[in-house]
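requesting a structural model of the entry that follows:
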Amino acid sequence: MIDFFMIEQKDIKFSRHAKRRMKLYGISEEDVLNVLKNGRKEIAKDGKIFFFHDIKGKFKYPVKVITAQGDKVLVIVSAYPLKKRRKK
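Model prediction:
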């Protein structure tokens with residue numbers, strides 16, 4: 001499992017798709033880092049890691065951040081608020 005210390009040791013890159021989604025939904029880089037640091041993690045079969053976190057006062061639903069991980073780089077693939085609340 002990935003932890004925030006491991007994330008801090010990597011360069012974080014934002015894909016073009018992620019930057020466009022962030023602009024569309026008003027998600028800042030600080031919001032993404034908050035989700036990575038405080039969010040719940042799920043690992044997909046393809047190796048991507050999903051993070052979910054409520055950002056109180058800014059979004060109605062939790063924000064989902066999708067990442068792909070390399071040796072020295074963590075790529076933010078996408079970021080967007082969920083349309084429905086996820087069950088825990």
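
from here on, just use CA atoms for contacts and neighbour counts.
Noted.

as a check, name the ranges of all helices in the chain.
4-8, 16-25, 29-38 (DSSP state H).

would you mark the buried spots in the second one?
Within helix 16-25, the residues scored as buried using 16 or more other C-alpha atoms under 10 Å are 18-19, 21-22.

returning to what we had before: could I get the helices of the chain in a markdown table, plus columns for mean pLDDT and distance to V77?
Listed next are the helices of the chain as a markdown table, based on pLDDT from 0 to 100; distance: least, C-alpha to C-alpha, whole Å:
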| stretch | mean pLDDT | distance to V77 |
| --- | --- | --- |
| helix 4-8 | 57 | 15 |
| helix 16-25 | 96 | 5 |
| helix 29-38 | 93 | 11 |
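
quick one, which of the ones you listed is nearest to H53?
Closest to H53 of the helices of the chain is helix 29-38 (C-alpha to C-alpha; 5.4 Å).

how far does the closest one sit from its chain's centre?
7 Å (C-alpha atoms, centre = their mean, to the nearest Å).

report the angle between the axes of that helix and helix 16-25?
In terms of direction (axes from the mean of the first three to the mean of the last three C-alpha atoms, to 10 degrees), helix 29-38 departs from helix 16-25 by 110 degrees.

buried stuff in helix 29-38?
Within helix 29-38, the residues that count as buried by 16+ other C-alpha under 10 Å are 31-33, 35-38.

other residues contacting that helix?
Contacts to helix 29-38, defined as C-alpha atoms under 8 Å, 6 or more residues apart in numbering, come from residues 3-4, 51-55, 63-65, 79.

cool, stretch 67-75 as well?
So stretch 67-75 is in contact with 7, 9-15, 47-50, 76-78, going by C-alpha under 8 Å, 6+ apart.

mind doing that once more with 10 Å?
For stretch 67-75, the surrounding residues in contact (C-alpha atoms under 10 Å, 6 or more residues apart in numbering) are 2, 6-15, 18, 36, 43, 46-51, 66, 76-79.

any quick ChimeraX command for the buried ones out of these?
Those of the contacts of stretch 67-75 that count as buried under 16+ other C-alpha under 10 Å are selected in ChimeraX with:
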select :7,12,14,18,36,48,49,50,51,66,76,77,78,79
